[in-house]
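Novice: 3D model of this:
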Amino acid sequence: MGTSPIAGVVRATCAAIWLRLKASVLPHPTRQQWLDIAQGFLERAQFPNCIGALDGKHIRVKKPPNSGSQYYNYKQYFYVVLLALADTNYRFIIVHIGSYGSTADARIFRASRLGRWLQPNQLDVPQPANLPGSTGPPAPYVVVGD
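Specialist: Below is the predicted model of the structure:
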């Protein structure tokens, strides 16, 4: 078999595996899971009301066909970007994979499903809560990133 048919089989197989397993491997966190994650950040990092750490990782790839310079970044290689929200145990909570290497993390975040889901709170993030030892107004839950 040639490269093109094999690549198609690999893509189709990966897509089928992801569709079948994504709900069990990376389910949307429940409100209680968000609270547990926030408790982890409070205990391990003394960071209250934090529901995740966000960062992007550039993954080097061969130049995709007909992509021009879209996947080419300042390091002078071709990359796709893995944007991930992780808990204090370094486990992925939500991921976004495949953005162009030439795109900044903040822009990828805004355009990702994660960024869009957080705006209207489609992820069941808990309502603002008082910070430990505070009697002031409740503070929102936040995501930390670089």
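
Novice: Need the three-state assignment for the spatially most central residue of the chain.
Specialist: Central residue of the chain (CA atoms, centre = their mean): Ala84, 2.7 Å from the mean position. Per DSSP: H, G, I helix; E, B strand; the rest coil, the local secondary structure of Ala84 is strand.

Novice: Surely it touches Lys57?
Specialist: Yes. Using CB atoms under 8 Å, Ala84 is in contact with Lys57, at 7.3 Å. All C-beta spots, glycine's among them, are computed from the backbone N, C-alpha and C.

Novice: follow-up on the earlier one: kindly give the local confidence score, pLDDT, for the residue nearest to the centre of the chain.
Specialist: pLDDT, Ala84: 88.

Novice: Pull the contacting residues for it.
Specialist: 54-57, 92-96 (CB atoms under 8 Å, 6 or more residues apart in numbering).

Novice: of the residues you listed, buried ones?
Specialist: Neighbour-count burial (16 or more other CB atoms under 10 Å) applied to the contacts of Ala84 gives 54, 56, 93-94, 96.

Novice: Name the residues that touch the longest strand along the chain?
Specialist: Longest strand of the chain, by residue count under DSSP state E: strand 50-60. Contact with strand 50-60 is made by 34, 37-38, 41-42, 73, 75, 77-88, 93-94, 101, 105, 108-109, 125, 141-146, as judged by CB under 8 Å, 6+ apart.

Novice: Sort out which residues of the top helix by length along the chain are buried, please.
Specialist: Taking DSSP state H as the criterion, the chain has its longest helix at helix 3-25. Judged by neighbour count (16+ other CB under 10 Å), helix 3-25 contains no buried residues.

Novice: Output the helix or strand that it is followed by as PDB, nothing but the C-alphas.
Specialist: Heading C-terminal from helix 3-25, the first helix or strand you meet, by DSSP states H and E, is helix 31-45. Provided in PDB are the C-alpha atoms of helix 31-45 (Å, rounded to 0.1, in the frame of the first residue of the first chain):
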ATOM      1  CA  ARG A  31     -19.000  20.600  39.800                       C
ATOM      2  CA  GLN A  32     -17.700  18.300  42.500                       C
ATOM      3  CA  GLN A  33     -14.700  17.400  40.500                       C
ATOM      4  CA  TRP A  34     -13.900  21.100  39.900                       C
ATOM      5  CA  LEU A  35     -14.200  21.600  43.700                       C
ATOM      6  CA  ASP A  36     -11.800  18.700  44.300                       C
ATOM      7  CA  ILE A  37      -9.300  20.200  41.800                       C
ATOM      8  CA  ALA A  38      -9.600  23.500  43.500                       C
ATOM      9  CA  GLN A  39      -8.900  21.800  46.800                       C
ATOM     10  CA  GLY A  40      -5.800  20.200  45.300                       C
ATOM     11  CA  PHE A  41      -4.500  23.600  44.200                       C
ATOM     12  CA  LEU A  42      -5.200  25.100  47.700                       C
ATOM     13  CA  GLU A  43      -3.300  22.200  49.400                       C
ATOM     14  CA  ARG A  44      -0.400  21.800  47.000                       C
ATOM     15  CA  ALA A  45       0.200  25.400  45.800                       C
END
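
Novice: Cool, thanks, signing off.
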